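S.K.: quick one, what's the 3D model for this:
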Amino acid sequence: MTSQVEICNLALSHIGAASINSLDEASVQAQQCKLHYDIMLSQMLRDAPFQFAHRNEALAVLSEVDLFNWAYAYQYPSDCLRINHLVLNYEDVTPGSVSGISYYNLKLPDLREQINYKIFNVAGNKVIGANESELRVDYQVLVDDPNLYDSEFVMAFSHLLASALAMPLIRGEMGRKTRSDELQVYEVYINAAIDADLNEQFQDRPESEFITTRK
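M.R.: Just a heads-up that it's a prediction; the model follows:
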């Protein structure tokens with residue numbers, strides 16, 4: 001089982017700093033890890049749409065909000081780190097409506113089509129403007145349970161965290177160089193984490209060359 005302290009110690013080891021026993025201890029290392037941990041985790045979950053951090057739900061219409069040039073105003077999800085996309089609310093398409101559409105030879109709407117939108121600040125609150133009704137939003141949330149992270153994600157996150165710890169713990173030119181080095185390593189590991197995440201999704205597999213040749 002992976003813990004926050006283990007991830008912090010992995011990050012500290014990348015920059016040659018002493019390990020910690022708890023995020024609440026009095027050491028400088030623990031204080032800096034506690035300061036940067038959630039911020040760096042949020043950044044990584046914004047950098048790529050990892051499946052374990054996905055949430056998909058219907059948007060709530062804000063009928064009292066009028067957005068210039070946009071037909072509808074929707075409430076921005078309070079736990080949203082980043083919106084991946086907006087789509088039509090597929091729950092509105094029932095088996096009966098599908099058969100009716102087929103009977104009258106009408107085109108079934110593409111429920112995967114992404115909807116154009118824009119984010120506004122209305123009275124200090126984030127609001128989504130769109131021109132379609134009944135929308136769903138696919139977005140990223142903060143998942144702080146390390147047991148849901150795979151090994152590639154843990155390694156990537158530890159290097160991103162290490163980049164944030166380099167300046168306060170090492171300082172000076174060496175701290176800046178270490179920060180830059182850790183960000184470069186992070187890019188390598190996050191790409192590996194993205195590939196591993198994609199491999200756990202359903203994918204249409206092309207037919208083998210042998211099968212194609214026989215046709």
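
S.K.: can you pull out the low-pLDDT segments for this structure?
M.R.: 1, 90-113, 201-215 (pLDDT under 70).

S.K.: what ranges do the strands span in the chain?
M.R.: 54-58, 72-75, 82-88, 117-122, 125-130, 135-140 (DSSP state E).

S.K.: which one of these lies closest to residue 11?
M.R.: Closest approach to residue 11 among the strands of the chain is made by strand 135-140 (21.6 Å; CB to CB). (C-beta placed from N, C-alpha, C; glycine too.)

S.K.: okay, buried residues for that closest one please.
M.R.: For strand 135-140, a neighbour-count test (16 or more other CB atoms under 10 Å) marks 135, 136, 137, 139, 140 as buried.

S.K.: which residues touch the nearest residue to residue 29 once chain neighbours are set aside?
M.R.: Excluding the flanking residues, the one nearest residue 29 by CB to CB, 6 or more residues apart in numbering is residue 20, at 5.1 Å. Residues near residue 20 by CB atoms under 8 Å, 6 or more residues apart in numbering: 5, 8, 9, 12, 27, 29, 30, 33.

S.K.: so which of those residues comes closest to residue 146?
M.R.: Of all these, residue 146 sits closest to residue 5, with 9.5 Å by CB to CB.

S.K.: ok, that closest one touching residue 23?
M.R.: Yes - the pair formed by residue 5 and residue 23 meets the contact definition of CB atoms under 8 Å, at 6.4 Å.

S.K.: please point out which parts of the longest helix along the chain sit buried.
M.R.: Determined from DSSP state H, the single longest helix within the chain is helix 172-198. The neighbour-count check on helix 172-198 (16+ other CB under 10 Å) flags 175, 178, 179, 181, 182, 185, 186, 189, 190, 193, 194, 197 as buried.

S.K.: thinking again about what came up before, now the contacts of residue 20 in a markdown table, with distance to residue 126 and neighbour count?
M.R.: What follows is the contacts of residue 20, written out as a markdown table (distance: CB to CB, whole Å; neighbours: other CB atoms under 10 Å):
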| residue | distance to residue 126 | neighbour count |
| --- | --- | --- |
| 5 | 33 | 17 |
| 8 | 31 | 26 |
| 9 | 36 | 19 |
| 12 | 35 | 22 |
| 27 | 37 | 15 |
| 29 | 35 | 20 |
| 30 | 33 | 19 |
| 33 | 30 | 27 |
